[in-house]
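I need the structure of the sequence given here:
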Amino acid sequence: MRFLPLILLGLVGALRAGSAPDLLNVASMKRPPLEEIRYATTYNFTGEKLYPFPVAYVRRELIPCLEGVQRELAMKGLGLKIYDGYRPLPVQQKMWNLIHDEHFVSNPAVNRGRHTRGTAVDVTLVDKVGRPVPMPSNFDEFSPRAAVTYPGGSAEERRNRDLLQRVMIRHGFLSYPDEWWHFDFKGWENYPPMSIGFQGINR
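Numbers count the residues shown, from 1 in each chain. Take a look at the predicted model:
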């Protein structure tokens, strides 16, 4: 019984860590996606470096689903590139302060964000040598071309976009209508938002 307080202290410590044990680096996957973490650079819509280092974390429940996506895409000579995963709530607030448009940036005052729960990913398709395939718009392009149902662009771009949608949905994700690259894990709204910074997560 004398060891029980130590166990309890350990559990309390884990809780204070901001649920960090629930977040895993996608680089730990058996088939990890190619990474281009734009928010760890100035090459993003804010023009500022928002993350201290380039990494994509997701809830552990997403890993088997992403693995399934990668396996299916590999049979087509394709794979995923990931732009973003978990996003700390203060970063989400900063984005909202710059872009007051709920079509493209979640308002923290309404739902506390989607990426803040570790259940959202921003992804695209790459070929077998890692080259992005054509899509109707660029990542984080806040225009009608970013919509999942955008009828313009080339036939190839629409085919690639629609393929990404079908495969992600088949493996447990929900499509976000205004951004072809954004996908939410089913039941995302049942997970709590988090503020923990990347430095507080075991890499």
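
Only C-alpha atoms from now on, for both contacts and neighbour counts.
Will do.

Assign the most centrally placed residue in the chain to helix, strand or coil.
The chain has V121 as the residue nearest its centroid, 1.9 Å off, counting by C-alpha atoms, centre = their mean. V121 falls in the strand class when you classify it by DSSP: H, G, I helix; E, B strand; the rest coil.

Across the sheet, point out what pairs with the residue lying closest to V133 once chain neighbours are set aside.
Counting by C-alpha to C-alpha, 6 or more residues apart in numbering, V133 lies nearest to V126, which is 5.4 Å off, once chain neighbours are set aside. Assessed by DSSP bridges, V126 has beta-bridge partners G79, P132.

Just give the number of residues close to V126.
Here the number of neighbours of V126 (other C-alpha atoms under 10 Å) works out to 20.

quick one: low-confidence ranges for the protein?
Scanning the chain with the threshold set as pLDDT under 70 gives 1-21, 99-112, 202-203.

Tell me which stretches of it form strands.
Counting by DSSP state E, residue ranges of the strands within the chain are 23-25, 34-35, 57-59, 78-84, 120-127, 173-175, 182-185.

so which of those strands comes closest to R158?
strand 120-127 (12.4 Å; C-alpha to C-alpha).

Pull the closest one out as PDB, backbone CA atoms only.
What follows is strand 120-127, C-alpha atoms only, in PDB (Å, rounded to 0.1, in the frame of the first residue of the first chain):
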ATOM      1  CA  ALA A 120      -7.300  16.800 -37.600                       C
ATOM      2  CA  VAL A 121      -4.800  16.400 -40.400                       C
ATOM      3  CA  ASP A 122      -3.900  18.600 -43.400                       C
ATOM      4  CA  VAL A 123      -2.700  16.300 -46.200                       C
ATOM      5  CA  THR A 124      -2.200  15.900 -49.900                       C
ATOM      6  CA  LEU A 125      -1.000  13.200 -52.300                       C
ATOM      7  CA  VAL A 126       2.500  12.500 -53.600                       C
ATOM      8  CA  ASP A 127       3.800  10.100 -56.200                       C
END
